[in-house]
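Enquirer: please find the sequence and the predicted model below.
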Amino acid sequence: MAYIPHTEKDRQEMLDVIGVERIEDLYDAIPEDVRFPDLDLPPALSEMEILEELQRYAETNVNTKHFHYFLGAGAYNHFIPSVVNHMLLRSEFHTAYTPYQPEISQGTLQVIFEYQSLIANLTGMDVSNASHYDGATALAEAVILALHEHRFKRKKIILSPGINPQFREVVRTYMQGLDLEISGDEDLENGQDNLRSMIDGDTTLVAVQYPDFFGHIYDFSNFAEAVHAAGALFCVVVNPLALGYLKPPSEFGADVVVGEGQPLGIPLSFGGPYLGIFATLDRYVRKMAGRLVGETEDSRGQRGYVLTLTPREQHIRRQRATSNICTNQGLIALASTVYMSAMGKQGLRQVAELCYQKAHYAANEIDSLGGYRLWNNDPFFNEFVISCPHPVAEINDFLLDREIVGGFDLGRTYEKLEHHMLLAVTELNSKDQIDALVSALKEFDHA
Amino acid sequence: MPEALIYELSSPGRYAVAFPESDVPHAAPPDGLERDDLPLPELSELDLVRHFVRLSQYNHSIDTGFYPLGSCTMKYNPKINEDIARMPGFAFAHPLQGEKISQGILAIMYELQEWLKEIGGFAGISLQPAAGAHGELTGLLIIRNYHRDRGDHTRTKMLIPDSAHGTNPASTTMAGLELIELPSDARGNIDLEKLREVCDDSLAGLMLTNPNTLGLFEEHVQEVVRVVHECGGLMYGDGANMNPLLGIVRPGDLGFDVMHFNLHKTFSTPHGGGGPGSGPVGVAQGLVDFLPAPIVDIVEPGDEGTAPTFGLVKPLKSIGRMKSFHGHFGMHVRAYTYMRMQGKAGIRAIADHAVLNANYLRVRLRDAYEIPFDRVCMHEFVMEGMWPDAPDIHALDISKRIMDFGFHPPTNYFPLIVKEALMIEPTETESKETLDAFVEAMLKIADEAHTSPETLRSAPHSTPFGRMDEVKAARELVLCCRPAYIPKA
Amino acid sequence: MDYPEDLRYTTNDEWLRVEGEIAVTGVSDYAQDQLSDVVYVEITAEVGDTLSQGDAFGMVESVKAAADLYMPVSGTLTEINEALSDTPELVNREPYTAAWMIKYRLAEPEQVDQLMDSTAYIAHLKGKNS
């Protein structure tokens, strides 16, 4: 029985103190007809055995340590400095509880305060919370903030079709009980002009993505003015790593910035746990869901940190809480805090610029092959869309044989984009890798 | 002594990580979209390591001390879990790389679903929810969709006992359902009379934490289930307190239709200072089609010698997607490792020893502290942190004083139905010696409360920080530190 | 605890003072004591809004609790105490004077008589705490 320290003697002494003969006697309150089911489960494995067995499972999965990846679409293969994992594994962070007792939780609390500061400074916003589950749920929480801001009197949410399709799906799942109109993304062609024409006095929030799902980067300054003119909130979904190189969304006039924090030092881990970034302006702070750490002083006059504005949360407000969320992604927020601090002012800029440079090299090379074409000429960050001469699935199978994981098959999500592939390039893709991709694409076209 | 903030340790020109020069031809920067200034700190790697290590040392943690914290199941987090989650085939696989080249991962997710089904007595599982509260919202949306699918559009009321955790009502509102609060009776059970009164054809379901937040197994649970089912409602189980039920009783067998598990409580994944959690949802047969998409299933059965092929599938009437990708796979693989190392006998032993430990503490503390619902408990119990003859002492003072003995305080002021509540859950991974040391400390504190109350009122004394001024924090609202060169708005 | 005799009280612990056709409302000494240190007051209703008896007009928050504020009687808002957004601690210090929250024109003045006077309110609080 792994991790249970009791000896036979301990058990006996404890039962004697309690005054029962056997442990089974403690379960009298449980209905007899369903008590002690005979579970159909295998016997225990030792640590030695489980390690060997799961090693075998692990080895069947293709991964970035052995193949070259050009796949992004919301999760990215970036370099993670060793220091991140080492700090993450500090027992005192790793096995700590939620910091409700500030006297013995200053480590976690100060890290969250630093996380909030780094995210606020990176996005250019006034304030960040301690994080949400992931980018998609953070966007859903942005919608909830807007609904509260307009006291549920405005019922319309406009989502750009350039927002990650999974994010849009999550918003719809969250909101299904609340009788709202969610639109804007029904047509792939809905650019800023079309979206602008949909905004009206019933609109509570308008959301766009930057860089968008297809990698494009646009200036939203004028668009934001139109959103504000209608009294609606403007939300920008970001890739935080891109903000190492790109203008922060605060300069466009964003009211809320959300995003998937995975690029900031979080391993791909088949999709989670990741990090939901959520930043906003001071004036919305009390309507923002999620944990928040504030600076204060202790009884000895020392600077310290506490969870603050907790009455917004569900243990006090219950059904009137701003949201039901009562955790953050603690460890993942820690990892991103260490990552952002280790990269620092120069490093994050360097990484973001490397992504940009290499993606542009790859796009040019592929576009000049002949059979493959860049989808359009709009500016992009580190992802771009290629229209292909063959079904994307076939191309990807061919690439896989050459130990390359190709791009996202857009036809699977967008009818209009059959034979279109979304490719991502990061600082981990060397020129040699890009050249190998380009020549494999060429080879397949001519085969 | 407080640790400086990361920005205060910054010095222009320092760096921790260097990158190679670009090996591709230069591309022109994006027109008008290039950033001017990036206000991040600048530190050497050693400065940064010392900063975070020093901060870590201000934390209490399972690896440094006992957490008798009710409702949270702070059991040991095995180290092997971490090693396995970090294997490249798990940690460095892309969520969209395709099922064909992710079979080992999908196999683990599938088997985890099977284990949770068997342990909980459910017909289907979604691993997608990211935490307990997220699981609640998922489960409530499933309930809502189930009724609507049957044309039952008027079933909008969720019944929730007054002892419930605050996430239950908050999730109910988010799901667009209406909340009706149910009172508890004198033994800490649901008031059956009141229940019968409010059950009608507007009932969507009842949300029940069992064992409840007093650590007591709901004595009339089968009757509660019968009443709710008879009037067409569904039973939602909050699985926060699943630890003492492992191998003892399956919620599905009791009649629960939906329940979320907490892998970070019951199945040993780390709490990490508040996350990431993982809150898989189990459902009964009639609700399988409503699970959030995707779930893992066998798409091609194997035969002797060949493994089955696993795939991601969308249930027929799925409520939709609750988060990006497939849930917290990193937590799934940790929980699965833990379960396999327990096996059939070990799963039952978890509950047995969690219940043994809790009752041992309850009996040893009952003479010094008032236990308002004093009967055999499950994995936790609630006592009062106050005495009529020590009027100045509150639960909070006891909690702060226990820190001086190297223990984390019990949960305070929850559940709300007990005055000055102190909620204690020892978990099965604590030894008798640790429990005895905790009892000694608690008895000493009970004594001090009467003989030297000021020792409690001014506690803690031996922690690196004293009590924090929460009023100042909330009034001044300093939530962010700017680097010195950014003028604060 | 102080419960001035010239005020009327609600079971939700708001007070009401009539000044001609206008009523003034805040929270009682008991309410501020229960809340402890108030850190935030938000009046969600706006001047010009007509609210019915029992409608929420705002919220008051301390570090450990949050309470919604309800209209003791029906009326149309004429003034909001802006000072409370910067100095919420007034609610603790001067609940009946400086910490008034809203002024409103009475819609149905006869509703006032249905509210508790100070004697009834004190009895009500006693019952609540026994």
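Expert: Done, it's in.

Enquirer: for the residue nearest in space to the middle of chain C, give me its contacts.
Expert: Among the residues of chain C, C:Gly26 comes closest to the average C-alpha position under CA atoms, centre = their mean, at 2.7 Å. Taking CB atoms under 8 Å, 6 or more residues apart in numbering or on different chains, we find C:Gly26 in contact with C:14-15, C:91, C:95-96, C:99-101. Every residue, glycine included, has its C-beta placed from N, CA and C.

Enquirer: same thing with B:Tyr413?
Expert: B:Tyr413 makes contact with B:395-396, B:420-421 under the criterion CB under 8 Å, 6+ apart.

Enquirer: turn those into a markdown table, columns for pLDDT.
Expert: Below are the contacts of B:Tyr413 laid out as a markdown table (pLDDT from 0 to 100):
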| residue | pLDDT |
| --- | --- |
| B:Ala395 | 94 |
| B:Leu396 | 93 |
| B:Glu420 | 91 |
| B:Ala421 | 92 |
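
Enquirer: mind checking which of those residues are in strands?
Expert: Secondary structure defined by DSSP state E assigns B:Ala421 of the contacts of B:Tyr413 to strands.

Enquirer: pLDDT value on the residue nearest to the centre of chain C, please?
Expert: The confidence metric pLDDT takes the value 95 at C:Gly26.

Enquirer: check C:Asn129 too.
Expert: For C:Asn129, the model assigns a pLDDT of 67.

Enquirer: what helix or strand does the nearest residue to A:Ala140 once chain neighbours are set aside sit in?
Expert: Closest residue in space to A:Ala140, ignoring its immediate chain neighbours: A:Tyr174 at 4.1 Å, by CB to CB, 6 or more residues apart in numbering or on different chains. When elements are defined using DSSP states H and E, A:Tyr174 is found to belong to helix A:165-175.

Enquirer: among the contacts of C:Gly26, name the buried ones.
Expert: Burial by neighbour count, judged by 16 or more other CB atoms under 10 Å in any protein chain shown, picks out C:14-15, C:91, C:95-96, C:99-101 from these.

Enquirer: let's have those in TSV, adding pLDDT, secondary structure and distance to A:Asn164.
Expert: Shown next, in TSV, are the buried ones among the contacts of C:Gly26 (pLDDT from 0 to 100; DSSP: H, G, I helix; E, B strand; the rest coil; distance: CB to CB, whole Å):
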residue	pLDDT	secondary structure	distance to A:Asn164
C:Glu14	95	strand	47
C:Trp15	96	strand	52
C:Val91	94	helix	45
C:Pro95	95	coil	50
C:Tyr96	95	coil	54
C:Ala99	95	coil	47
C:Trp100	96	coil	49
C:Met101	96	coil	44
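
Enquirer: any chance of a markdown table for those residues, columns distance to chain B?
Expert: A markdown table is the format used below for those (distance: CB to the nearest CB, whole Å):
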| residue | distance to chain B |
| --- | --- |
| C:Glu14 | 23 |
| C:Trp15 | 24 |
| C:Val91 | 12 |
| C:Pro95 | 17 |
| C:Tyr96 | 22 |
| C:Ala99 | 15 |
| C:Trp100 | 20 |
| C:Met101 | 18 |
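
Enquirer: can you tell me which of those is nearest A:Phe167?
Expert: Nearest to A:Phe167 out of those is C:Met101 (CB to CB; 40.3 Å).

Enquirer: thought the closest one was touching C:Asn81?
Expert: Yes. Proximity of C:Met101 to C:Asn81 meets the contact threshold set by CB atoms under 8 Å, at 5.5 Å.

Enquirer: who touches both of these two?
Expert: Where contact means CB under 8 Å, 6+ apart, the residues bridging C:Met101 and C:Asn81 through contact with each are C:Ile43.

Enquirer: from the contact counts, what lies against the helix or strand harbouring B:Ile160?
Expert: With elements delineated by DSSP H and E, B:Ile160 resides in strand B:157-161, which encompasses its position. Counting contacts by 3 or more CB pairs under 8 Å, 6 or more residues apart in numbering or on different chains; DSSP states H and E, strand B:157-161 packs against helix B:167-174, strand B:178-182, helix B:192-198, strand B:203-209.

Enquirer: could you give the mean pLDDT of it?
Expert: 93.

Enquirer: same check, this time on stretch B:300-307
Expert: When pLDDT is averaged over stretch B:300-307, the result is 89.

Enquirer: measure that stretch end to end?
Expert: The first and last residues of stretch B:300-307 sit 9 Å apart, counting by CA to CA, to the nearest Å.

Enquirer: distance of B:Arg86 from A:Asn85?
Expert: In this structure, B:Arg86 and A:Asn85 are separated by 8 Å, where distance is defined by CB to CB, to the nearest Å.
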